[in-house]
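Colleague: predicted coordinates and the sequence they were generated for:
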Amino acid sequence: MRKHTAESRPRTIKAGKRLRPEEVEAGKALADVVYTRPRTRADCCHEARPCPFVGCRYNLFLDVSETHGIKLNHPDKTPGEVVESCALDCADRGGMTLDEVSRTLNMSRERVRQIEQAALGAFVRLAREAA
């Protein structure tokens, strides 16, 4: 079983966190960068990988919660160092084992199994309601 080190454990940044002055300056510098972000899967499927668009909902580098907290899935890496950066790329390849999913999402196999079971249970409930 894979254990998280202190550096590799996913980290959440709370929504109300104040930025340090150097973080504000770095953000200002990035605000001037002009880029064309893909709008559809057809636009991005042939782009360079790892995907640099961490703001995309399918990017695996970070997650944004409903309370607007940011969870860094790979805090010990930069977006360019993440091997699997797009959930749509993973889906295009087909099925993955629990171990592959756990490495991709940087979470334990047990947590992946729990999420899988909850999703399957939700599908079963929806199917029963639709019948």
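Modeller: That came in fine, so what should we check first? Numbers count the residues shown, from 1 in each chain.
Colleague: domain ranges for the chain?
Modeller: The chain breaks down into these domains under automatic domain parsing: 1-93, 95-131.
Colleague: and those, which one averages the lowest pLDDT?
Modeller: Of all these, the minimum mean pLDDT falls on domain 1-93 (a mean of 81).
Colleague: for that one, what is the distance to the chain centroid?
Modeller: A distance of 6 Å separates the centroid of the chain from that of domain 1-93, by CA atoms, centre = their mean, to the nearest Å.
Colleague: check which element follows the helix or strand containing residue 26 along the chain.
Modeller: Assigned by DSSP states H and E, residue 26 belongs to helix 21-31. The helix or strand immediately downstream of helix 21-31 is helix 41-44, counting by DSSP H and E.
Colleague: who does the next helix or strand after that next one touch, helix- and strand-wise?
Modeller: Next helix or strand after helix 41-44 toward the C-terminus (DSSP H and E): strand 62-64. The helices and strands touching strand 62-64, judged by 3 or more CB pairs under 8 Å, 6 or more residues apart in numbering; DSSP states H and E, are strand 70-72. C-beta coordinates here come from the backbone N, C-alpha and C atoms, glycine included.
Colleague: show me which positions of the next helix or strand after the strand it packs on end up buried.
Modeller: Per DSSP H and E, the first helix or strand lying C-terminal to strand 70-72 is helix 87-93. By neighbour count with 16 or more other CB atoms under 10 Å, helix 87-93 contains the buried residues 89-90.
Colleague: ok, residues contacting helix 87-93?
Modeller: 41, 44-45, 49, 58-60, 84, 96, 104 (CB atoms under 8 Å, 6 or more residues apart in numbering).
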